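Peer 1: Based on what follows, work out the 3D shape:
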Amino acid sequence: MTTEQHGTDQGEELARVHYLPAQRQDTDEATSTPGEVIEGELVTDAEYARLTSEKAKALARYEGYKHDLVTAGHITRRVATHERTKTATRTAVRHVLYVPAGAASFARRAWESRTTSRYERQMRAAETAGDLDRLQEWESRAEMFKERRHKRVMDWIGAPFQLVKALAVAAVSVMGLLLALGVVLAVADSDAGLVLAPIGGFLDLVQWSAWAVTVVWGPLMLAAPWVVVLVLWNEGRRRASVPNWLAAGTATREDVVIDERSIAHALSHLGLSPLTKFFKDGGVLQYTKVPARDGVGVSCQLRLPAGVAASDIIENKDRRKRLAGAFQRAMIEVWPSTGADEGLLDLWVADSGALEVPTAPWPWLEQRDPVDFYEGVPVGVDLRGDAVIAPTDGASYLVGGRPGQGKSSFTRLLALGACLDPNAELWVRVLADNADFEDMAPRLSRYSAGMGDDVAAAALQDLYDLRAEMERRGKVMKAKRAGSARDAGLHPILAIFDEVHRGFQHRELGKEMAFIGEDVIKQARKYGIIVVFATQSPTATSIPKGVTREVICRVAFSVIDQVGNDALLGDGNYKRGVRATELRPGSPEYAGDRGTCLTVGVVPGKDWSMVRSHFVSLDQAAEVAEHALALLHGRNVPSTETDTDDGPDPLADIATVLGDKPRLRTQEVLQGLTELNRGTYGRWTFTDLTAYLAEHGAEPYKSDGKKVVSAEAIRDALTKRDRPGSGPAGEHQGDD
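Peer 2: Coordinates of the predicted model:
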């Protein structure tokens, strides 16, 4: 709209020209020149202001509508793209699709029950696997099924005639029975009209039944479709596979049931051509051990089809990821391994989140009685949740992993277990500056920690001393004709070398330490000496090959690569699926798999096992060590350096047990000796005690009908034996 002044005189009223839209009849005519008035009307200033105001209001309303529409669009878009909306939509669509999926499942099952498709699939699988016996078995089953099906068809053909015949016989029988009943009633009451009364009552019953069915039938017909939908939905939910985009909307993992169906589904998506073809041809897996509960998960063993080896799955990380993803599990929760041969796949799948539950406290935290270190130490639980007792009698250890993943904690458990045995001797050398064993120092026979050359030299000297102790113990065992150190009454020695890689890689002492270390680790276990090498740097050069080959028990927490894995667990374990590289390293912010380790030789009867170790803090370790000192009953900390060639003195030990008591029963004396030195006196009998005391003239005697040992007789025997020039009164039975 354009305006211009109309008129030029001063007295003439000024007006505005309001142009109306031009009405062109001919579009081919030339356009008007600028400023030319086509059509218009004169308006006053007031009218112009009114029109302008209305236009402004219209523009304001338009802007308001526009703003509202834009706002509504933003809200709609935010609601439509919100994660909750997506999840709800996926959930709704997924549950809707369960209904047709359930119908398809029922249809497929009905089809298979009426046809030989199931038998044909099994025959194809047997033929693919080259199993002729199985092929013949399924062919026989198929023939039997065809015969039964033919018989059923013939029965159905004759069924209508049989039904009509049965109904006719039933009707005649019922009418005859009712007439007979009516005759009986008529004769009894002398009323001929009662002959048809039973028939009339029967017809009334039929009429009432028809009415009742009509009343009930309506609601049943209304509910029947919903019942059918519910049944189909449940069948589809249990058996159907939905598209991935529908299953990916939930934020939490669904607990996929581990059974034959889910395992076959997972294996079919690994990208192995022979497996894919096997399942495409209708192959069915053969299980040597069907899926069953195994601790906090499910385990099974299955025979892979021809052309597929278990290592094809185990050694390929991408396939292991796909396998775990198909079960909706983390990789650490799915453990495939090779069975007795390459064609057998052992599979263990944990329940979702089961391995994230903290382990129980260490069972010996509140231990108040002495323990026998030779019996082993509880260190954690296995995949089944069963307690794992780390062996010590005849054992040696190699423990390693990244810093902060549980290596020192595991080693500390072994040390605390030894502390609680009053007869156990502990040597600890830490070739680093840390306080992992500092609070145990009063209970340790030998201890030093630090990064200096003096600690490395002390560790090397310990290894030489252990070898010398092995030679001495060998002579004792030979003299006693004992098959083991324990049988010979030799007390256990636990020797821990933490951060031992610093010793093996020492610029001056490394070669010598590696040589003597290999020699000790080979033989120490025979003589009641348990050697533990611990390191946070397992490499091909930091751990001598001889140590890895000869060590009995191997423990690996999270490691970086295959080299570190096999340096700890032994060559070839990475390839067969025993991989500490797949343990997730933890941190102060993220627990990961701290405290979880793979072990070889720790759990009896198993080549390898995953163990979730107990955790004992430094404060708790200090409390246990303090209590362990109290268990010594005033004795010195056990030390080989203070031992004599004759070993313990039983006569003096008996005097210690008697204390200030005038006499004790022989049973109480034996119990006291066992508590004092289990390694020496644990196998003593009443006969042994009596024979020993008789040699020293202090034979037990009867008091109130019970055998007792006299404190006065023991003191006299000690006095006679230790009198200068008297010589030994008899041979000691010692341990070292």
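
Peer 1: and the lengthiest strand in the chain, which strands flank it?
Peer 2: Assignment by DSSP state E gives strand 286-294 as the longest strand of the chain. Sheet pairing of strand 286-294 (DSSP bridges) gives strand 297-303 (antiparallel).

Peer 1: which residues are contacting the strand it pairs with?
Peer 2: Outside strand 297-303, the residues within contact range by Cβ atoms under 8 Å, 6 or more residues apart in numbering are 258, 263, 285-292, 333, 339, 343-351, 354, 383. For glycine as for every other residue, the C-beta is placed from the backbone atoms N, C-alpha and C.

Peer 1: Swap in 7 Å and give it another go.
Peer 2: Outside of strand 297-303, the residues within contact range by Cβ atoms under 7 Å, 6 or more residues apart in numbering are 258, 263, 285-292, 339, 343-351, 354, 383.

Peer 1: got it, and stretch 443-450?
Peer 2: Here stretch 443-450 makes contact (Cβ under 7 Å, 6+ apart) with 419, 425-430, 433-434, 437, 441, 455, 458, 462, 625, 628-629, 637-639.

Peer 1: same question, stretch 372-379
Peer 2: Contacts for stretch 372-379 (Cβ under 7 Å, 6+ apart): 362-364, 387-393, 410, 413-414, 417-418, 421, 424, 486, 492, 611, 613-614, 678.

Peer 1: Filter the contacts of stretch 443-450 down to just the buried residues.
Peer 2: 419, 425-430, 437, 455, 458, 462, 625, 628, 637-638 (16 or more other Cβ atoms under 10 Å).

Peer 1: So which of those are in helices?
Peer 2: Within the buried ones among the contacts of stretch 443-450, residues falling in helices by DSSP state H are Cys419, Val455, Ala458, Asp462, Ala625, Ala628.

Peer 1: can you give me the helices in the stretch 201-350 of the chain?
Peer 2: 244-247, 260-267, 273-280, 310-314, 317-326 (DSSP state H, counting those that start in this stretch).

Peer 1: ok, back up a step: between the longest strand of the chain and helix 260-267, how big is the angle?
Peer 2: 110 degrees (axes from the mean of the first three to the mean of the last three Cα atoms, to 10 degrees).

Peer 1: tell me how far strand 286-294 is from the chain's mean position?
Peer 2: For strand 286-294, the distance from its own C-alpha centre to the chain's C-alpha centre is 17 Å (Cα atoms, centre = their mean, to the nearest Å).

Peer 1: Give me the domain ranges for this structure.
Peer 2: Domain assignment for the chain by automatic domain parsing gives 1-22+37-79, 117-239, 260-353, 378-630, 645-722.

Peer 1: Deepest in the core, which of those domains is it.
Peer 2: domain 378-630 (a mean of 20; mean count of other Cβ atoms under 10 Å).

Peer 1: Show the end-to-end separation of it, please.
Peer 2: 21 Å (Cα to Cα, to the nearest Å).

Peer 1: quick one on the thing from earlier: turn the ones in helices among the buried ones among the contacts of stretch 443-450 into JSON lines, including distance to Met123.
Peer 2: Formatted as JSON lines, those follow (distance: Cβ to Cβ, whole Å):
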{"residue": "Cys419", "distance to Met123": "66"}
{"residue": "Val455", "distance to Met123": "71"}
{"residue": "Ala458", "distance to Met123": "73"}
{"residue": "Asp462", "distance to Met123": "68"}
{"residue": "Ala625", "distance to Met123": "69"}
{"residue": "Ala628", "distance to Met123": "68"}
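
Peer 1: Identify the spatial nearest neighbour of Gly672, chain neighbours not counted.
Peer 2: Leaving aside its sequence neighbours, Gly672 sits nearest to Val657 (Cβ to Cβ, 6 or more residues apart in numbering; 3.4 Å).

Peer 1: what's the next secondary structure element after the host helix or strand of the one you found?
Peer 2: Using DSSP states H and E, Val657 sits in helix 650-658. Counting by DSSP H and E, the element after helix 650-658 in chain order, helix or strand, is strand 663-665.

Peer 1: quick one: strands adjacent to that next one?
Peer 2: Strand 663-665 pairs in its sheet with strand 706-710 (antiparallel), by DSSP bridges.

Peer 1: Dump the strand it pairs with to CSV, restricted to CA.
Peer 2: The C-alpha coordinates for strand 706-710 follow below in CSV (Å, rounded to 0.1, in the frame of the first residue of the first chain):
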residue,chain,number,x,y,z
LYS,A,706,44.3,-91.3,84.9
LYS,A,707,47.8,-91.1,83.5
VAL,A,708,49.6,-87.9,84.5
VAL,A,709,53.0,-86.3,84.0
SER,A,710,54.8,-84.9,87.1
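
Peer 1: Can you check what angle separates that strand from helix 650-658?
Peer 2: Calculated by the same axes, to 10 degrees, strand 706-710 forms an angle of 110 degrees with helix 650-658.
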